[in-house]
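[1] Need coordinates for the below:
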Amino acid sequence: MTYEDDEPYDPYLHIDTYKDFYSRSMFLVNYGKSVKGRVKKDKPTRYCGYASKVSIAAFEIDEYDTIGYWLTPEEYKKLSDKEKQEYSYYEWDEYEDWYRVYNLIVSRVDTMLGYFCRWAEYAIKDANPDETCPTADYVRLLVYRC
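    Residues are numbered from 1 along each chain as shown. Alright, predicted model coming up:
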């Protein structure tokens, strides 16, 4: 069944047209600029520092969604040796943190780009090899807003 852009989205209530519905619920994002550009290559997590071992354990078993109190390396160096034993270096992303979500998207899209580039080397015979493998700036993501 196909729909026209100006047909009602909900025919019983005549609320919206399909065009209006899709324009509000979906949009295109430039992957290279809007997503990959926000994730630092050598930084897999947003936070890193010294956290208490109790906080780390509670965070790891999902008892807490955040690590509330943690120290920078400079603050950690100022502690006494006895106080330092209560802390451990830890890298983390908080639950549903934007950086974690972006990092997952980047790893998956980069993997798919790699698969496509390897396939294109063999499948597209008459094209310039530089043109068969798109860069991140040529990728668009279709995002559905819930």
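[2] What separation is there between Lys53 and Ser88?
    Separation of Lys53 from Ser88 (C-beta to C-beta, to the nearest Å) stands at 5 Å. Using the backbone N, CA and C atoms, a C-beta is placed for each residue, glycine as well.
[3] same question, Val29
    From Val29 across to Ser88, the span is 37 Å (C-beta to C-beta).
[4] Over to Phe59?
    12 Å.
[5] what do those two both touch?
    Ala51 (C-beta atoms under 8 Å, 6 or more residues apart in numbering).
[6] Who has more neighbours out of the two?
    Higher neighbour count among Phe59 and Ser88: Phe59, with 19 against 13, using other C-beta atoms under 10 Å.
[7] Contacts only, for that one.
    By C-beta under 8 Å, 6+ apart, the contact list for Phe59 reads Ala51, Asp65, Thr66, Ile67, Trp92.
[8] Am I right that the second one is in contact with Tyr95?
    Yes. Using C-beta atoms under 8 Å, Asp65 makes contact with Tyr95 at a distance of 4.2 Å.
[9] Strands of this structure, start to end?
    With DSSP state E as the criterion, the chain has strands at 26-30, 47-52, 70-71, 87-92, 140-144.
[10] nearest to Glu131, of those?
    Nearest to Glu131 among these is strand 140-144; the distance by C-beta to C-beta comes to 17.5 Å.
[11] tell me the centre residue of this protein?
    The chain has Tyr102 as the residue nearest its centroid, 1.3 Å off, counting by C-alpha atoms, centre = their mean.
[12] residues in contact with that residue?
    For Tyr102, the contacting residues are Val35, Arg38, Val39, by C-beta under 8 Å, 6+ apart.
[13] Domain map for this structure?
    Following automatic domain parsing, one finds the domains of the chain at 18-40+114-144, 47-92.
[14] closest one to Ser107 among these?
    domain 18-40+114-144 (9.0 Å).
[15] same question for the closest one, mean pLDDT?
    In this model, domain 18-40+114-144 carries a mean pLDDT of 83.
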